[in-house]
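>>> Sharing a sequence plus its predicted fold:
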There are 2 protein chains.
Amino acid sequence: MKELPDFAQHFILHWGEMGTKWGINRTVAQIHALLFLSEEPLNAEDICTRLGVARSNVSNSLRELQNWGIVKVVHLPGDRRDHFESIKDVYEMFRIIAAERKKREIDPTLANLRNCADEAGQEKGEGDPYAKKQLEELLGFFELVSDFYDKMNRLPTKSAIKAIRMGDKIAKSIGAIGK
Amino acid sequence: MKELPDFAQHFILHWGEMGTKWGINRTVAQIHALLFLSEEPLNAEDICTRLGVARSNVSNSLRELQNWGIVKVVHLPGDRRDHFESIKDVYEMFRIIAAERKKREIDPTLANLRNCADEAGQEKGEGDPYAKKQLEELLGFFELVSDFYDKMNRLPTKSAIKAIRMGDKIAKSIGAIGK
DNA sequence: CTTGCATTTCTGTAAAGACAGAAATTAAGA
DNA sequence: TCTTAATTTCTGTCTTTACAGAAATGCAAG
């Protein structure tokens, strides 16, 4: 097992810090960063020593990364131990992350907004028309975002990248047509 | 001060819960939801009683919402107290939120990745070419996302919405051309 | 200047999350 | 089946965050 170069250390530490801002546990994010940079799959013990965290912590963090779907178990010939590797392709990785975040952060809200809009519709008497209007606008926005996500997700990576690169030009031309 | 209808209560509670998943404090998110649905600006005391949280908590949460830029102070004639109102336009609101999140969550990472890539470039000897390659790919991705964001942010709301609505069709046509 | 309300800051407590080390479980090879 | 290495789960501690209530500050009208 080679030692990590300095730049890798710096990156791993930063990624761990940012993880906390993204609602991901620091250790989880660090392990992910380590695996992402590592050409060979690593076993849990390696990860412990490289990052200096407890074995149990590594075990739980790896499970979380597997739940996210961005880390997989692999087995090396002649070695009983589990080894772990990250998804290597950046775009594929963020596609998976985006899908998972949508599932956890957007979909439940969308469902709630639909419920609430229903409730608002069934209200007796005058209710609160302003609140109702605002809620419906929010629902519209979430539906727009959710649809957009689903569409983009169906595209192959290359098309998606191209679309992102050209995003503004396309939008501008649409804007111009729209006027 | 009118009572809140049921659907509004349900929405506020849910929004508070989701806030925690988005890295936002529950009370902060609840206050935001309340103000978003409220036609009139509310004062701090109103917010306390509606949500049943401590005055100090409301005060701090309102400051955070003002830092985000999605809540403003307004003054009502004949009333010394501060009143607060949310940005009402959903798109405008998410534009601001997106800008703030980019500033907090993307930009620092972009800066770090550039640093690390520099370090990697200046390494003596062989270093770790694989890690270097992975880091550069990640950097490329973050630059792509950051540019895309900046471009979209400069568009007027209507154009952006149209672009989002048509997103998949555009991307598909690009993909087809690309082949 | 001072009185009284509005607001913020401070302080302590409660709750949640992160994490290490120990114990328990699983599974492979002898 | 027994042994041993590997992994997971459990338990307690420590740190961080959330929050209420109290104290302090700010500010406007008289």
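That came through fine.
>>> List the contacts of the one helix or strand A:F94 maps to.
Assigning secondary structure by DSSP states H and E places A:F94 in helix A:90-101. Defining contact as CB atoms under 8 Å, 6 or more residues apart in numbering or on different chains, one finds that helix A:90-101 is touched by A:36, A:68-70, A:86-87, A:149, A:153, A:157, A:160-161, B:134, B:137-138, B:140-141. All C-beta spots, glycine's among them, are computed from the backbone N, C-alpha and C.
>>> Ok, stretch A:41-58 next?
A:1, A:4, A:12, A:27, A:30-31, A:34-35, A:59, A:62, A:74, A:76, A:79, A:81-85.
>>> mind running it again at 10 Å?
With CB atoms under 10 Å, 6 or more residues apart in numbering or on different chains as the test, stretch A:41-58 has contacts from A:1, A:3-4, A:8-9, A:12-13, A:16, A:25-28, A:30-31, A:33-35, A:38, A:40, A:59-62, A:71-76, A:79-86.
>>> which among those are in contact with DNA strand C?
By CB under 7 Å from any atom of the strand, the members of those lying near DNA strand C are A:25-27, A:80.
>>> Just the endpoints, please. Distance across stretch A:60-75?
Taking CA to CA, to the nearest Å, stretch A:60-75 runs 19 Å from one end to the other.
>>> ok, is that stretch in contact with DNA strand D or not?
Yes: contact of stretch A:60-75 with DNA strand D (CB under 7 Å from any atom of the strand) involves A:60, A:62-63.
>>> Excluding sequence neighbours, find me the nearest residue to A:I164.
B:F148 (4.9 Å; CB to CB, 6 or more residues apart in numbering or on different chains).
>>> how about that neighbour, secondary structure?
Counting by DSSP: H, G, I helix; E, B strand; the rest coil, the backbone at B:F148 sits in helix.
>>> Show the residue spans covered by the helices in chain A.
A:6-21, A:26-37, A:44-51, A:55-68, A:90-101, A:107-122, A:129-154, A:157-178 (DSSP state H).
>>> Identify the residues contacting the residue of chain A positioned farthest from its centre.
Largest separation from the mean C-alpha position in chain A: A:G125, at 43.2 Å (CA atoms, centre = their mean). Contact analysis of A:G125 by CB under 10 Å, 6+ apart lists B:P5.
>>> for A:N25, same thing?
By CB under 10 Å, 6+ apart, the neighbours of A:N25 are A:16, A:19, A:31, A:57, A:60-61, A:64.
>>> What's the ChimeraX syntax to select whichever of those residues are buried?
A single ChimeraX command selects the buried members of these (16 or more other CB atoms under 10 Å in any protein chain shown):
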select /A:16,19,31,57,61,64
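>>> got the residues of chain A near DNA strand C?
So chain A meets DNA strand C at A:25-27, A:52-57, A:80 (CB under 7 Å from any atom of the strand).
>>> the domain parsing of chain A - what is it?
A:6-86, A:90-178 (automatic domain parsing).
>>> These into JSON lines, with extra columns for mean pLDDT?
Output for the domains of chain A, formatted as JSON lines (pLDDT from 0 to 100):
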{"stretch": "domain A:6-86", "mean pLDDT": "92"}
{"stretch": "domain A:90-178", "mean pLDDT": "87"}
